[in-house]
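Visitor: Take a look and give me a structure for this.
(2 chains)
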Amino acid sequence: MTNTAIASSATARRGAPSRVISLLIICVLLAVLLVFFILPVVWLLLAPSKTADQMVHDSPLSFGSFGQIAAAWKHLFSFQNDALLGWLRNSAVYSGGSLILTLLTSVPAGYGLALTKFRGRKALLAITLVTMIMPSATLVLPVFLELNQFHLIGTVWSVILPFSFYPFGVYLVYIYFATSLPKEILQAARIDGASQWQIFTRIALPLAKPVVGLVAFFSFVGNWNNFFLPYLVLPNSDQFPVQVGLNQLLTSTPSFNPVAGAGLNITIPELALAIIVAILPVLVLFLFSQRTLVSGMLAGATKE
Amino acid sequence: MTVLDTRHTTVSPSRRGLTPRRGGGGGAAGYLFVAGYTILLLAFGVFPTGYSFYLALTNDQGQFTGLNQFVKVIQDYRFVPAFTNILVYLVMWLVLLVVLTVLVAVVLRSRMRPGLSALFRFLYYIPGALAGVASVLVWLFMLDPDVSPASWLLNSLGFHSFAAVLAPGNLPVIFVLIAFWTGAGGWMVVMYGALNNIPDEVLEAAKMDGAGPWKTAWHIQIPMIRQWIAYMTILAFAAGTQLFVEPQLLQTASLGRVSPTWSPNQLAYVFAFQQGDFNGAAAISVFLLALGLICAGLLVTRSNLFTLDEK
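Guide: Model (predicted):
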């Protein structure tokens, strides 16, 4: 791809034909990528409106009927007595609970690292940075082995507590306070005799809204979509978050598992509907927060 | 709309202001602020890491066995294939990611009206919401010739059944497709933001000197965002070594046609859950931990991207 690009750049100024070719390559590339990124999403949104039979025989991008969506909905929610509802509730508890704990720990920690002085501060910052860059999956198996040693497997806390550990959030808050809090305000507060705690709660926190939103977004989205840790530490189906539940639905679909799935009403339309329901909270957040997401991806790093 | 603008206003303004301003309050207050987080860090960062090393260096009786666990897992017949699989996947994934993300970002930045470019970036990045299990399930359907909207393409490539698509040689390609679908859009937006940060005067000067858009991209824009390309490559590499959900679900969906130990993380999982060999599982985790630590160390020490402290 790049070779073509360079080749066409060499001739770009010589005449119209090469410019046309270069433009054509760009258009084809963008169009192919557009289809690649969007077609699966469109297919997914249309799938629940059809029967399993229609899925195979009708055009893949046709719309079935609203009645069929209702039928798929009924099949899906009657699977194992409202199992899906329970999974969604679990996901909300795990992601919500760890979101609260993450905010309660990472916001003061980021503030403390940025604006107070104590022994071991630099070491804490360095460890935070390294754990933040390491992929979170690296620690999943070690955390499982640890929880297993302490007989915490299968408890709500075996998911919420590891989810709450969020070094990236601490780093975001640290950078924010280290750079964006006007020095003069802090000095004035100190002269007025405010304690560290008062400065934090009355001055720093109200100013930190943007970064708290950022941390909350990343924490929630990451934990909602997490599969690996709950898959390891939660043995019972009624404790699954929805991501692990989807895996169970998959094994109950006749198209992928003719033996175990036989006689169940979970076919491809039901599975597609389950995917949509499972990602809906994240999708809604995504639609309204492209800027947030990207600023966070860049915020891990400062370039100047 | 520019990404870096947001970053500047909300998270990390310029380096000028990067000097942390500490209060005179001394130690006690600082400790209280970081106490909660430090407990979590010790419990779910430091301790599990240390515990994995401990398990990897002992046997199930708790006796010190030196490097025996490492030797045992390396000699396991599934070890080399798992790491080879992941290596093949990583090479394909990183090449595709770097080439296409940078190319698309350049095109979106220099050859398109801003409004249209924003629409493209938005559409490319939407699948990111389906990261994880959802993306794998969607691609199971995309790759099943019976229901796929691209079944004509699959058929013309000679794949007439789902089983044929799942042939072992195709798996790295499948995982690259999934990774690209969920991850590339976000990175394109990041690269676009980095390109946007290049001052207009620089590009104007290049134009005055007679450089066409491709020449400008190759000699000016891409070198100026080199650091971001390295950042993306290292993060994508580190995350790629951890592949678990994708092969695990594919294994489930293929009724066992796909190996249950395709990736190193899956092998560690089988050691722990099917063989009950926690020491062996820990030894594999230590290999993966080491890879993650090396990547993180490289980024922290070799790039200027992270602000550890005032210099």
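Visitor: which stretches of chain A aren't confidently modelled?
Guide: Applying pLDDT under 70 to chain A picks out residues A:1-15, A:255, A:257-264, A:290-304.
Visitor: ok, now with 50
Guide: When residues are selected by pLDDT under 50, those of chain A lie in A:1-13, A:300-304.
Visitor: Can you name the helix or strand that the residue in the stretch 51-200 of chain A positioned nearest to chain B falls in?
Guide: Nearest to chain B, among the residues of the stretch 51-200 of chain A, is residue A:112, at 2.7 Å (C-beta to the nearest C-beta). C-beta here means a position set from N, CA and C on the backbone, and glycine is covered the same way. Assessed by DSSP states H and E, residue A:112 sits inside helix A:83-115.
Visitor: is chain B contacted by the strand or helix carrying residue A:144?
Guide: In this structure, residue A:144 sits in helix A:140-149 according to DSSP H and E. Yes. With C-beta under 8 Å from any C-beta of the partner chain as the criterion, chain B is reached by helix A:140-149 at A:141, A:142, A:143, A:144, A:145, A:146, A:148, A:149.
Visitor: In a markdown table, list the residues you listed along with distance to residue A:173 and neighbour count.
Guide: Listed next are the residues of helix A:140-149 next to chain B as a markdown table, based on distance: C-beta to C-beta, whole Å; neighbours: other C-beta atoms under 10 Å in any protein chain shown:
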| residue | distance to residue A:173 | neighbour count |
| --- | --- | --- |
| A:141 | 28 | 28 |
| A:142 | 26 | 26 |
| A:143 | 23 | 26 |
| A:144 | 28 | 26 |
| A:145 | 30 | 22 |
| A:146 | 26 | 22 |
| A:148 | 32 | 15 |
| A:149 | 32 | 13 |
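Visitor: how close does residue B:261 sit to residue B:106?
Guide: 40 Å (C-beta to C-beta, to the nearest Å).
Visitor: Tell me who's in contact with residue A:153.
Guide: A:144, A:147, A:233, A:235 (C-beta atoms under 8 Å, 6 or more residues apart in numbering or on different chains).
Visitor: which one of those has the most neighbours?
Guide: residue A:144 (26 neighbours; other C-beta atoms under 10 Å in any protein chain shown).
Visitor: just checking, that residue touches residue A:229?
Guide: Yes. Using C-beta atoms under 8 Å, residue A:144 makes contact with residue A:229 at a distance of 7.5 Å.
Visitor: Around the residue of the stretch 151-300 of chain B found nearest chain A, count how many other residues there are.
Guide: Residue of the stretch 151-300 of chain B nearest chain A, by C-beta to the nearest C-beta: residue B:214 (2.8 Å). Around residue B:214 there are 22 other residues, counting by other C-beta under 10 Å.
Visitor: Check what pLDDT it gets.
Guide: As predicted, residue B:214 sits at a pLDDT of 86.
Visitor: check which helix or strand covers it.
Guide: Residue B:214 is located in helix B:213-216, with elements delineated by DSSP H and E.
Visitor: Can you name the element that comes right after that helix?
Guide: Counting by DSSP H and E, the next helix or strand C-terminal to helix B:213-216 is helix B:222-224.
Visitor: Quick check: buried residues in the next helix or strand after that next one?
Guide: Per DSSP H and E, helix B:222-224 leads on to helix B:226-240 as the next helix or strand towards the C-terminus. The neighbour-count check on helix B:226-240 (16 or more other C-beta atoms under 10 Å in any protein chain shown) flags B:228, B:229, B:230, B:231, B:232, B:234, B:235, B:236, B:237, B:238, B:239, B:240 as buried.
Visitor: Of those residues, which are in range of chain A?
Guide: Okay, of the buried residues of helix B:226-240 touching chain A (C-beta under 8 Å from any C-beta), that's B:228, B:231, B:235, B:238, B:239.
Visitor: Kindly present those as a markdown table, with separate columns for distance to residue A:59.
Guide: Formatted as a markdown table, those follow (distance: C-beta to C-beta, whole Å):
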| residue | distance to residue A:59 |
| --- | --- |
| B:228 | 42 |
| B:231 | 43 |
| B:235 | 40 |
| B:238 | 42 |
| B:239 | 37 |
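Visitor: can you put those residues in JSON lines and add pLDDT?
Guide: What follows is these, written out as JSON lines (pLDDT from 0 to 100):
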{"residue": "B:228", "pLDDT": "85"}
{"residue": "B:231", "pLDDT": "85"}
{"residue": "B:235", "pLDDT": "87"}
{"residue": "B:238", "pLDDT": "89"}
{"residue": "B:239", "pLDDT": "91"}
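Visitor: nearest to residue B:61, of those?
Guide: Residue B:61 lies nearest to residue B:238 out of those, by C-beta to C-beta, at 34.2 Å.
Visitor: hang on, the closest one packs against residue B:293?
Guide: No. The criterion here is C-beta under 8 Å, and residue B:238 misses it with residue B:293 at 9.4 Å.
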